[in-house]
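J.: quick check, what structure comes out for this input:
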Amino acid sequence: MANVRVERTEDGGFRVTNARGAEVRIGGGDEDGVFSPVELLLAAVGGCNIVTVEPLTAQRGHQLIRLAMTVEAEKVQPNLLGPVTVTYDVEVPSEKADEVYRAVAHRVHEKYCTVSRSLSEGTEVRLELP
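T.: The predicted model follows:
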């Protein structure tokens with residue numbers, strides 16, 4: 001099971017922490033030095049894809065020279081995102097590496113990225129109040 005704690009800080013901001021000691025500051029979209037919740041959602045999509053694509057490509061004998069991506073979405077309503085678009089930025093050492101990377105990226109997107117699949121499948125979000 002995955003879980004994080006989201007809490008208000010003494011300075012009135014907010015932070016997310018996990019059991020391994022990592023911390024991310026969050027806030028509104030107009031605040032400096034913090035991620036908005038929507039940006040964290042996009043980061044989760046990108047992170048899930050990239051940390052899965054890289055090792056699977058390397059396991060197949062192809063180290064990519066550059067591997068990055070941009071993840072974006074526009075709000076189609078004040079409280080609803082439209083489609084999320086993942087755009088890779090890669091440099092490959094060979095044509096064969098490009099073939100392998102593309103096949104892996106498609107498989108990861110379609111089958112292995114938990115975050116993207118959960119969004120695509122419409123995972124239920126439950127609210128529990130004390």
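J.: quick one, helices of the protein?
T.: Counting by DSSP state H, one finds helices in the chain at the ranges 37-59, 95-107, 114-121.
J.: for those, give me JSON lines that also has mean pLDDT.
T.: JSON lines is the format used below for the helices of the chain (pLDDT from 0 to 100):
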{"stretch": "helix 37-59", "mean pLDDT": "96"}
{"stretch": "helix 95-107", "mean pLDDT": "97"}
{"stretch": "helix 114-121", "mean pLDDT": "94"}
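J.: dump those to TSV, plus distance to residue 18 and mean neighbour count.
T.: In this view, the C-beta of every residue, glycine as well, is placed from N, C-alpha and C. Shown next, in TSV, are these (distance: least, CB to CB, whole Å; neighbours: other CB atoms under 10 Å):
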stretch	distance to residue 18	mean neighbour count
helix 37-59	13	17
helix 95-107	27	16
helix 114-121	15	15
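J.: rebuild the ones you listed as a markdown table, extending it with distance to residue 15.
T.: Listed next are the helices of the chain as a markdown table, based on distance: least, CB to CB, whole Å:
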| stretch | distance to residue 15 |
| --- | --- |
| helix 37-59 | 12 |
| helix 95-107 | 32 |
| helix 114-121 | 21 |
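J.: which one of these lies closest to residue 80?
T.: Smallest distance to residue 80 across the helices of the chain (CB to CB): 10.7 Å, for helix 37-59.
J.: wait, residue 86 touches residue 45, no?
T.: Yes - look at residue 86 against residue 45 with CB atoms under 8 Å: they come within range, at 6.5 Å.
J.: contacting residues around residue 113?
T.: Residue 113 makes contact with 45, 48-49, 52 under the criterion CB atoms under 8 Å, 6 or more residues apart in numbering.
J.: and it, how close does it get to residue 78?
T.: Using CB to CB, to the nearest Å, residue 113 is found at 27 Å from residue 78.
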